[in-house]
Structure formats: C-alpha cells, structure tokens
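Student: Pasting the sequence and the predicted coordinates here, then a few questions.
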Amino acid sequence: MYIMLALTVKGSTAKQGVTDTSNFVDVLDFFGKHISPELQGPLNQLPVLRADCLKFVSVFRHQIPGDAYASLLPIFVKHMQAESYVVRTYAANAVDRLLSVKDNGTPRLSEKTLQPHIQSLLKGLFGVLAQSDSEENEYVMKAILQVCAASKASIAPFVQVVLDGVKRIMVRVSQNPLNPRFNHYLFETVSCLIANICGAQPALVASFEKMLFPVFTPMLSMESCDEFGAYVFQLVAQMLQANKQVTAPYTAIFPSLLAPAVWANTGNTPALVMLLRVYLMKNPDFISGKIPDILNIFQKLMASRKLDRFGMELLTAIVEYTPMKVWAPFSKQCFTIMFQKLQAHKNKRKNPRFVRAFVVFLSRYTLRHGTQILVQTVNQIQDNIFFMVLERVWSANVIMLSTYKERRTCALALIRVLRETASGLPTTHLAAAMVAIARCASGRTGAALPSLGRKPSAAAKKIANTVMPANASNSNNTSSSAAASTSSSFGQSQQSDDVVERSSTGFSTAFARLVYAELKEATPMPEVQDLEAYVRKNLMEIASGMQQQWMQGMQGIKAPDDLALVQQFMQNKTQENH
C-alpha cells in the first residue's frame, strides 16, 4: 500500500486529500482488488492494515466515484465497533471526509442517498463515544456534526437521538473540560440542528428550548462558564432569533447578561454582544428600560482596543432598533466617547477595526433616522464638525469596508446625505462623498482617498485626520486582503463553502464562533436590487439640481482614477453601451 501511495500521488493537501494522481496507476482497480475485500473481512483481524485501508479511502476520496459512497457507509459503521481505538477513529474520520466531498459545490453524496444511513451512522458514532477510551474523540464528534450538516432537513426524525446524546456529553464534559476541539464540535452540532430544523419549522424552537435550557443554566452557574459561556450565549441567541418573541426563558436569564462578572471574561464578549443585539431586534420595548445599563457596557467596551468594535456593534443595534426617545438623552455622550477614541489614535498605532465599525455606525444611523438628526447630534460636540467627519473619517475610510453588505449600506447612506445636505456641502466635502459613493457602489477599494486640495482644520486634525489605513497606498488586492482580515468575529469575509470546515478553521481557545449561529440582520432598503443603477440614478438627479456646485465638486477630485470612476456613474447606461 505504501508503494502504491508513493507511485500514485502527485499532489495532495490536508483539506482535499489527493488532488492529482499518476496516469500509470489505476487507483480504482487497486481499491476494488485490495482495499474493498480487506474492509469486508473479519472485523478485528490485522487492525493496523484495517486502519491503513480506511485511511486509503479518506485520502483518495475524490478519486472514488460517488456511486461507491453509499456502499462504503455500512462498512464504516461496522468498523466503529472494532476493538482498536485507531480503527474506530479512522472509520469516523472516513465518514467525515466522504461527506465533505463536493463537485462544483454540490455534495457528491446527496441528502437523498444519505437518508437511509443516518440512523445507523448516528448509532455507530455515539456508540464510539460511549467507549471509555473514546469519550472525547474529536474526530468522532466532527463526524457527527458532518452527518447532521449533510442530512439537512432529513435529520428531523433523529433530532431527539442526537440531542439526548449531546446533552449527556455536555453534562459530563462541563464537570471537567479536557478537549477544546471536541467541545467545539459538540456545540456546533447543536447549532447545526437548530439551523436545519428551526429554520424550516420555527414552531419547533420551543422543543429545543425545553431540552437545552435545563442543561445551559447549570453550566453558566459553574466555573465551567469560562469554558462554555460563549457557546451557550451563541446558542441562546440562535434560538431567540428563530423565535417570534422574547418568551419567559429569555426574560428570566436577561438580568444575568448585564452582570459585570459575565463580561469580565473577554472571551464571552462577542457572543454576549450578539445575544443583546438579538434581544434588541426581537423586542426593543423589553430592552428600553435597560438602555442605561447597556450603554455602561458600551462605555466599558470602548475603553478596550481589542473590544471597542463590539461596543460599536452594540451601539449600532441600540440606535437601529430602539425608539429614539430612549437613547437620545445619551447620544451626545456616546459621540463624545467615539470621538475621543478617534483622537486617542492620533499618535498611536491605528485601529482599523474600530474605524470600520464607526463608518458602518454612521451609515446605519443615517438610513434609520436621517441626515439632519445625525448632523445635529454630531454638531453638539463642536459647531459644524459634521462635514469634517464626513470628509476625513466617513468618506476617507470606505476602503475598510470589506463586505458587499457594508459597502452597499455605506453607499445608500451617503446618497441620502447628499440628497439632504448637498446644497450646503463645501466643495471638498462634496468631492469626498462623491468618490466614496462611487467606490462603494463599484466595489473598488485599495487606496484611501487622496487629499482633495484643502488643508484640514485644527478641529479635523483633532478628531479624525490621522485615522487612515496604514496601507493606504497599497495595491487593490493588498488592501482588500487587509480589510478582510479586520472583519469581526461575526463578519462575513470570504469563507469556504464547507460549513464544517469553516467551523474547524474558526476555532480558537479565546473565542470560537459557531458558524451555524451566525446573526442574520435585515438588509437596509431591500427594495434596492441593483446598487450601481440606483447610485447612477441618484447621482444624476442630485447633479441636475445643483449643476454649478456639482461641477466644482468634480473639479475638486484630484486623482484621475477617482474622477473617471465618478464620471462613469454620471453617464447614462444606454450612452455607455453606445
């Protein structure tokens, strides 16, 4: 077998297995004559050879045709009963690997083909975990996750089986957590079930709450909260998001979410912020009386360079989902804290994640409440400072928006700013906004906006002139990568199509994001389907109403590439085609 591997494999990766083979060796012939007969022999004979055969299937999974996959699953289940720990582990790993194979994004083993084998696979895998030497075998737990993920809605008849097994394991490992990766796959499995089942049948979320809350409550009262707190908060947020309203179990635990001791563990912060955002989305009235307490949390998060972006996410949710009368009395203080944060970076290392979150905050604030209220609030800090913020912070840092959703939100917000304030905008501020809108709408990033021919005032320097990306002069690709690397834990940077693989690569001992528990927020202005067309139409309408000032703004754009980009959006699409 080793000779076979040496002669056959021309290219391979840990993620994909063998990707390129020699034309002089017939892999399928070797599999049919040697590997398959050996796997069908007596179970506990020659365990080392059995393990090698299972490994062969995993390594050459892309070369084995899909028709053979279904016949291999019962063989894997049989080997999960082997006496050898290694054989059981390789059998579980083989299940995981085969279920992860996709052809052009489509699973090679379809949900329909997998369905008859789900029960036996789950029974075999949980049977392995029942063995004393395999109680926290991460490969087995990952295989269970993969089965749940690949089964999708077909897992519904076996949800009780999975949850019963998972609950027993959770109770045991919470007493003495030993294997972080095993624990991660354990909680991701629950998250996968909630996503697959409650997504299609929201009424069933009550069943999950009934089964899981009795397990979660003791965990959060134990020292193991440091280990599992972030997982529990994410799962609670996921169930609440699937629920139609804030029901009694969520009302009962809410006061504990504001306790300082919970926030003392910074590993909990992303999940706690996510959970509070879901509360705000689902029932703003329930949260309204606690806004001062939540703003105290915001202030504490803003004091930390590592956590300030989560403070911005929390504040954005407050502004977007709760009535203005609830938070308006605190708005000046909040903006003062944010401007102090910008000023604090004047002579220090830049914090692009915070600046990015601040730009998103300004955008969502504008779309929710309008430009005039934003202008009035910002100008409370200092007279007429809003236009400086618009030019030197907001427009200048659209480069940091790494996702289409963020760029879309920013473009729509800046369009609204121009519509509601364009006649009063100084030329340089107008030029900066024009370029920023064009950049967001076209998806072009790569260099911060150049100086637009005006020396910044002392106030602008004080607040934001130095808040620029460190790699502002880099190429498009470099800056895009940098922007993507700044995405928050719940961001949507470029990701693998394999959700289970994303779960594995996203694991961290400090904070491990559950992929299936991702927060789903409504898209601003969903009626805008074609962003470029919307931007073109609005820019042309704004320009027609203030032609002289608009031409002055165009003249204020010094960089030829930026000028060409704006001009592109000022042309009728029909004219472009001719």
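Tutor: Noted; the coordinates are in hand.
Student: For residue 501, report the pLDDT, please.
Tutor: Looking at residue 501, its pLDDT stands at 65.
Student: burial count for the residue nearest to residue 380 when sequence neighbours are not counted?
Tutor: Excluding its sequence neighbours, the residue lying closest to residue 380 (C-beta to C-beta, 6 or more residues apart in numbering) is residue 332, at 4.9 Å. (Each C-beta comes from the backbone N, C-alpha and C, glycine too.) Residues within reach of residue 332, counting by other C-beta atoms under 10 Å, total 13.
Student: Pull out the buried positions in whichever helix or strand residue 332 is part of.
Tutor: Taking DSSP states H and E as the criterion, residue 332 maps to helix 331-344. For helix 331-344, the neighbour count (16 or more other C-beta atoms under 10 Å) marks 331, 334-335, 337-339, 341-342 as buried.
Student: With only the CA atoms kept, save the following helix or strand past it in PDB.
Tutor: For helix 331-344, the following helix or strand on the C-terminal side (DSSP H and E) is helix 352-369. Taking Å, rounded to 0.1, in the frame of the first residue of the first chain, the C-alpha atoms of helix 352-369 are listed here in PDB:
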ATOM      1  CA  PRO A 352      -8.800  49.800  11.500                       C
ATOM      2  CA  ARG A 353     -11.500  47.600  13.000                       C
ATOM      3  CA  PHE A 354     -12.800  50.400  15.200                       C
ATOM      4  CA  VAL A 355     -12.800  52.900  12.300                       C
ATOM      5  CA  ARG A 356     -14.600  50.400  10.100                       C
ATOM      6  CA  ALA A 357     -17.300  49.800  12.800                       C
ATOM      7  CA  PHE A 358     -17.600  53.600  13.200                       C
ATOM      8  CA  VAL A 359     -18.200  54.100   9.400                       C
ATOM      9  CA  VAL A 360     -20.900  51.300   9.500                       C
ATOM     10  CA  PHE A 361     -22.500  53.000  12.500                       C
ATOM     11  CA  LEU A 362     -22.700  56.400  10.800                       C
ATOM     12  CA  SER A 363     -24.200  54.700   7.700                       C
ATOM     13  CA  ARG A 364     -26.900  52.700   9.600                       C
ATOM     14  CA  TYR A 365     -27.700  55.700  11.800                       C
ATOM     15  CA  THR A 366     -28.300  57.800   8.700                       C
ATOM     16  CA  LEU A 367     -30.500  55.200   7.000                       C
ATOM     17  CA  ARG A 368     -32.600  54.700  10.100                       C
ATOM     18  CA  HIS A 369     -33.000  58.300  11.300                       C
END
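Student: Nearest to residue 308 among the buried residues of helix 331-344?
Tutor: Closest approach to residue 308 among the buried residues of helix 331-344 (C-beta to C-beta): residue 341, at 6.3 Å.
Student: For that closest one, give me its contacts.
Tutor: 302, 308, 354 (C-beta atoms under 8 Å, 6 or more residues apart in numbering).
Student: can you give me the strands in the stretch 51-200 of the chain?
Tutor: Using DSSP state E, counting those that start in this stretch, the strands of the stretch 51-200 of the chain run over residues 102-103, 106-107.
Student: Quick check: which of these is nearest to residue 232?
Tutor: Checking these against residue 232 by C-beta to C-beta gives strand 106-107 as the closest, at 30.4 Å.
Student: how distant is that closest one from the center of its chain?
Tutor: 22 Å (C-alpha atoms, centre = their mean, to the nearest Å).
Student: same check, this time on stretch 411-419
Tutor: 26 Å.
Student: What lies in contact with that stretch?
Tutor: Stretch 411-419 has contacts (C-beta under 8 Å, 6+ apart) with 362-364, 366-367, 370-371, 390, 394-395, 425, 430, 433-434, 436-437, 440-441, 524-525, 528, 531, 534-535, 538-539, 542.
Student: among those residues, which are in strands?
Tutor: Judged by DSSP state E, strands contain none of the contacts of stretch 411-419.
Student: If any of these are buried, put those into a PyMOL selection.
Tutor: Selection of the buried residues among the contacts of stretch 411-419 in PyMOL, burial being defined by 16+ other C-beta under 10 Å:
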select buried, resi 362+363+364+366+367+371+390+394+395+425+430+433+434+436+437+440+441+524+525+531+534+535+538+539+542
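Student: Of the contacts of residue 341, which is the most crowded?
Tutor: Among those, residue 354 has the most neighbours (other C-beta under 10 Å), with 24 neighbours.
Student: pretty sure residue 254 is touching residue 279, no?
Tutor: Yes - taking C-beta atoms under 8 Å as the contact criterion, residue 254 and residue 279 are neighbours in contact, 6.9 Å apart.
Student: Can you pick out the residue with more neighbours from the two?
Tutor: residue 279 (22 against 16).
Student: Reformat the buried residues of helix 331-344 as TSV; add pLDDT.
Tutor: Shown next, in TSV, are the buried residues of helix 331-344 (pLDDT from 0 to 100):
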residue	pLDDT
331	94
334	96
335	95
337	94
338	94
339	92
341	89
342	86
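Student: quick one, the one helix or strand residue 309 maps to and helix 352-369 angle?
Tutor: Using DSSP H and E, residue 309 sits within helix 308-321. Interaxial angle of helix 308-321 relative to helix 352-369 (axes from the mean of the first three to the mean of the last three C-alpha atoms, to 10 degrees): 0 degrees.
Student: how about the CA coordinates for stretch 133-153, as PDB?
Tutor: Extracted in PDB, the C-alpha atoms of stretch 133-153 (Å, rounded to 0.1, in the frame of the first residue of the first chain):
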ATOM      1  CA  ASP A 133     -11.100   5.400  25.600                       C
ATOM      2  CA  SER A 134     -13.100   7.400  23.100                       C
ATOM      3  CA  GLU A 135     -15.300   9.600  25.300                       C
ATOM      4  CA  GLU A 136     -13.800  12.900  23.900                       C
ATOM      5  CA  ASN A 137     -12.600  11.700  20.500                       C
ATOM      6  CA  GLU A 138     -12.800  14.900  18.400                       C
ATOM      7  CA  TYR A 139     -12.800  13.000  15.100                       C
ATOM      8  CA  VAL A 140     -15.900  11.200  16.100                       C
ATOM      9  CA  MET A 141     -17.700  14.400  17.200                       C
ATOM     10  CA  LYS A 142     -16.800  16.100  14.000                       C
ATOM     11  CA  ALA A 143     -18.200  13.200  12.100                       C
ATOM     12  CA  ILE A 144     -21.500  13.500  14.000                       C
ATOM     13  CA  LEU A 145     -21.500  17.200  13.100                       C
ATOM     14  CA  GLN A 146     -20.800  16.400   9.400                       C
ATOM     15  CA  VAL A 147     -23.700  13.800   9.400                       C
ATOM     16  CA  CYS A 148     -26.100  16.500  10.800                       C
ATOM     17  CA  ALA A 149     -24.900  19.100   8.400                       C
ATOM     18  CA  ALA A 150     -25.100  16.800   5.300                       C
ATOM     19  CA  SER A 151     -28.500  15.400   6.300                       C
ATOM     20  CA  LYS A 152     -30.100  18.900   6.400                       C
ATOM     21  CA  ALA A 153     -33.900  18.600   6.900                       C
END
